[in-house]
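Engineer: Sequence plus the predicted model coming up.
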Amino acid sequence: MVSRLGIVVCGSIATDYLMTFPGRFAEQLVDGQLDHVSLSFLVDELDIRRGGAAANIAFGLGCLGLAPVLVGAVGDDFGEYSDWLGRHGVSTDHVLVSTTRHTARFLCTTDSDHNQIASFYPGAMQEARDIDLIAVLGDIGGTELVIISPDDPDAMLRHTAACRDAGQAFAADPSQQLARMDGPQIRALVEGAQYLFTNAYERDLLQQKTGWSPVQVLDRVGTWITTRGAQGVTIEQAGDHVPIGVPAAPVTRHADPTGVGDAFRAGFLAGVSWQLTAERSAHLGCQLASLVLESVGTQEYLFSPDDFAARLADSYGAAAAAQVRGWLPAGLAEAGMTGEQG
């Protein structure tokens, strides 16, 4: 089968510096001293990987056989990364290349409980606000859906407004930018979204900052998807008072949680593009997320259509695999090369 128009993925493109701390962060925190924490962690491992929320989502969509269009801002050090994405079906023709800043950097330390402490340097991402999304959509001949993932806050607001003004369907994925943005900005990102993605913590933070109840959020979006880690996913839809619960897909090992949410979004949006139900789309998202959880790095997992369909059958039944297998790319070599950079 052939997908419809490619999904446009707006957001961050970054290089990830992933470190592993063999202990537990919780054991390093001193009661009564949390107002002036000064900690340094000696880590065992350092992996330098490709990342950025939008690039991770686009990579997953490309592995699934779609033709995503990546929209974001990078530095002139993006050449090899761009080639890698292109080999996995992602169009980078509409990525803005800065002449003065480096590509963004994500620095993350994960402890033995899979808790994370992270910092993000935006770099060239700050220039994403200069991208004219409507011009991009005109150039590519339109799209079925735009996902607005974490990015420069002004860029996120501009892209969201452009979609609303043009009547373009969009998905809101504010994620970690919820911590930086205020209530009115978050309300502007969410209003009118066809899909809203949050994890469980972000869900509570979004309600706290907007002052909206879950019912009020659903009055403004079509479908609200909340990821809950090992507890799976909850799907709520406007006008339906019974949430849909989807269990997480089983994994063979827990290697690194970084990028798991991005992979889920890629799988879910692929299901949307294939006009699957929200529940089946979540099955697809959870299964793709399991591949990331089993790998170190956000784009280092191996993707084989036959193996993916077999695992989907084990996780969610033969009917799920049969419905999805026809959409997966036929005869595609395994995508993703563990340990390869560039």
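Structural biologist: Noted; the coordinates are in hand.
Engineer: quick one, helices of the protein?
Structural biologist: 53-63, 79-87, 133-140, 153-166, 183-190, 200-210, 214-218, 260-273, 278-293, 305-316, 318-325 (DSSP state H).
Engineer: And the ones you listed: which comes nearest Asp31?
Structural biologist: For Asp31, the closest of these is helix 200-210, at 22.3 Å, according to Cβ to Cβ. Every C-beta, even on glycine, is put in place using the N, C-alpha and C of the backbone.
Engineer: got the angle for that closest one vs helix 183-190?
Structural biologist: Inter-element angle recorded for helix 200-210 and helix 183-190: 120 degrees (by axes from the mean of the first three to the mean of the last three Cα atoms, to 10 degrees).
Engineer: Point out where this protein drops to low pLDDT.
Structural biologist: Where the chain drops to pLDDT under 70, the residues are 1-5, 331-342.
Engineer: Ignoring the adjacent residues along the chain, who's closest to the residue nearest the centre of the chain?
Structural biologist: Nearest to the mean C-alpha position of the chain, counting by Cα atoms, centre = their mean, stands Asp262 at 2.4 Å. Using Cβ to Cβ, 6 or more residues apart in numbering and skipping residues adjacent in sequence, the residue nearest Asp262 is Asn56, 3.6 Å away.
Engineer: now do Gln168
Structural biologist: Spatial nearest neighbour of Gln168, chain neighbours left out: Val146 (5.9 Å); criterion: Cβ to Cβ, 6+ apart.
Engineer: all strands for the stretch 1-150 of the chain, in order.
Structural biologist: 8-10, 14-20, 45-51, 69-71, 73-74, 96-97, 104-110, 116-121, 146-148 (DSSP state E, counting those that start in this stretch).
Engineer: which neighbours does the first one have in its sheet, and in what orientation?
Structural biologist: As defined by DSSP bridges, the strand partners of strand 8-10 come to strand 69-71 (parallel), strand 146-148 (parallel).
Engineer: about what we covered before: which of the helices of the chain is buried the deepest?
Structural biologist: Stretch with highest mean neighbour count among the helices of the chain: helix 53-63 (a mean of 31; mean count of other Cβ atoms under 10 Å).
Engineer: what residues does it touch?
Structural biologist: By Cβ atoms under 8 Å, 6 or more residues apart in numbering, the list of residues contacting helix 53-63 from outside reads 7, 9-14, 50, 68-72, 81, 85, 88-90, 147, 149-151, 173, 175, 259, 262-263, 265-267, 269-270, 288, 298-299, 303, 335-336.
Engineer: May I have it exported as PDB, CA atoms only?
Structural biologist: What follows is helix 53-63 as a C-alpha-only set of coordinates in PDB (Å, rounded to 0.1, in the frame of the first residue of the first chain):
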ATOM      1  CA  ALA A  53      12.500  15.200  18.900                       C
ATOM      2  CA  ALA A  54      11.500  16.100  15.400                       C
ATOM      3  CA  ALA A  55      14.400  14.200  13.800                       C
ATOM      4  CA  ASN A  56      13.600  11.100  16.000                       C
ATOM      5  CA  ILE A  57       9.900  11.200  15.000                       C
ATOM      6  CA  ALA A  58      10.800  11.700  11.300                       C
ATOM      7  CA  PHE A  59      13.300   8.800  11.500                       C
ATOM      8  CA  GLY A  60      10.600   6.500  12.900                       C
ATOM      9  CA  LEU A  61       8.100   7.500  10.200                       C
ATOM     10  CA  GLY A  62      10.800   6.900   7.500                       C
ATOM     11  CA  CYS A  63      11.500   3.400   8.900                       C
END
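Engineer: measure Val246 to Glu80 for me?
Structural biologist: Applying Cβ to Cβ, to the nearest Å, the value for Val246 to Glu80 is 36 Å.
Engineer: same deal with Gly138?
Structural biologist: 29 Å.
Engineer: Turn the helices of the chain into TSV, columns for distance to Gly23.
Structural biologist: Listed next are the helices of the chain as TSV, based on distance: least, Cβ to Cβ, whole Å:
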stretch	distance to Gly23
helix 53-63	28
helix 79-87	32
helix 133-140	44
helix 153-166	34
helix 183-190	35
helix 200-210	23
helix 214-218	37
helix 260-273	22
helix 278-293	21
helix 305-316	33
helix 318-325	39
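Engineer: related to what we said a few turns ago, might one say that the residue nearest to Gln168 is in contact with Phe170?
Structural biologist: Yes. With contact defined as Cβ atoms under 8 Å, Val146 reaches Phe170; the gap is 4.4 Å.
Engineer: Common neighbours of the two, please.
Structural biologist: Residues touching both Val146 and Phe170 (Cβ under 8 Å, 6+ apart): His159, Cys163.
Engineer: can you pull the contacts of Leu284?
Structural biologist: Counting by Cβ under 8 Å, 6+ apart, Leu284 touches Leu64, Gly267, Phe268, Ala270, Gly271, Leu276, Leu312, Val324.
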